[in-house]
Structure formats: C-alpha cells, structure tokens
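Visitor: what follows is a predicted protein model with its sequence.
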Amino acid sequence: QVQLVESGGGLVQAGGSLRLSCAASGRTSGKYAMGWFRQAPGKERDFVAAISWSGSTTIYADSVKGRFTISRDNAKNTVYLQMNNLKPEDTAIYYCASSSGVYRVTTAYKYWGQGTQVTVSS
C-alpha cells in the first residue's frame, strides 16, 4: 500500500506560479512512475504530466507543455509539479498517482492522493 499526499495548491492570479508536491509513504520501495492529473468541476479527470522512476522520461498534456514541469526526488519520496504562467483554465483539483509505467490514462494508476485545489483568477 502506498499513501500519497498532495500539497502546495492555492489561489493565484493569471500569469503566476505554483509548485505542487506529492509525498509518498508506506510501501515506497517499489520503482513507481508518478503522474499528475486534474479535475475541474463537472469534468472528467484529465492527464497533466507523468515521470518515470529514474526521471529520465517525462510526458505532458499539450495544454501544459512549456508551462509545467514535473520532477521527482526519490530520496525524499516526493514528486513535484512546477506550474508557471498559470491560466484560469488551469483551475482544478490536482491529483498525484503512482503507476508501474509512464501512462496518460487514469486506469493505469493504482494509488491516488486526495487532491489539492488550484484556483487561478483572471
């Protein structure tokens, strides 16, 4: 069992930045890939970014490419999502999740955090 806890969300003006963190605990000995997803009110949960265990592979949704950066510190069991040039359409609850590989689909991820709210005002 792996527990994931997100933090770092908040309210920011358009053009601003936030850095989300996802701390893992429990059975962290496995070499998990990690992903970030987001869900806006009334919408499905969408893929944002993912990173392999080693950090050598990263993938992004087209909507965030060039603005968001995913990274990880395995010594701290933590994954980060640096979000720059935020837009109102980035407003959502952001979730981190763990998987056996780098995937874009929610069904590939086994463990999920509770989410952290990001609100971008115009």
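Guide: Received, thanks. As the structure is a computational prediction, the values presented were derived from the model and not from experiment.
Visitor: pLDDT below threshold where in this protein?
Guide: The model of the chain has pLDDT under 70 over residues 29.
Visitor: which one is the residue nearest the centre of the chain nearest to, not counting chain neighbours?
Guide: The centroid of the chain falls nearest to W36 when counting by C-alpha atoms, centre = their mean (2.5 Å). Spatial nearest neighbour of W36, excluding adjacent residues (C-beta to C-beta, 6 or more residues apart in numbering): V48 at 4.2 Å. The way it works is simple: take the backbone N, C-alpha and C, and place the C-beta from them, glycine included.
Visitor: gap between the one you found and V2?
Guide: Per C-beta to C-beta, to the nearest Å, V48 is found 19 Å from V2.
Visitor: look at the two and report which has more neighbours.
Guide: V48 (25 against 18; other C-beta atoms under 10 Å).
Visitor: other SSEs contacting the helix or strand harbouring that one?
Guide: Secondary structure from DSSP states H and E places V48 in strand 45-51. Under the contact criterion of 3 or more C-beta pairs under 8 Å, 6 or more residues apart in numbering; DSSP states H and E, strand 45-51 touches strand 33-39, strand 58-60, strand 68-73, strand 78-83, strand 92-99.
Visitor: reformat these as CSV; add distance to K110.
Guide: Listed next are those as CSV, based on distance: least, C-beta to C-beta, whole Å:
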stretch, distance to K110
strand 33-39, 11
strand 58-60, 18
strand 68-73, 17
strand 78-83, 15
strand 92-99, 6
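Visitor: just these: most buried one?
Guide: strand 33-39 (a mean of 24; mean count of other C-beta atoms under 10 Å).
Visitor: grab the nearest non-local neighbour of A14.
Guide: Leaving aside its chain neighbours, A14 sits nearest to S122 (5.3 Å; criterion: C-beta to C-beta, 6+ apart).
Visitor: ditto for A24
Guide: Closest to A24 by C-beta to C-beta, 6+ apart is N77, at 4.4 Å.
Visitor: give the burial count for the one you found, as a bare number.
Guide: Residues near N77, counting by other C-beta under 10 Å: 16.
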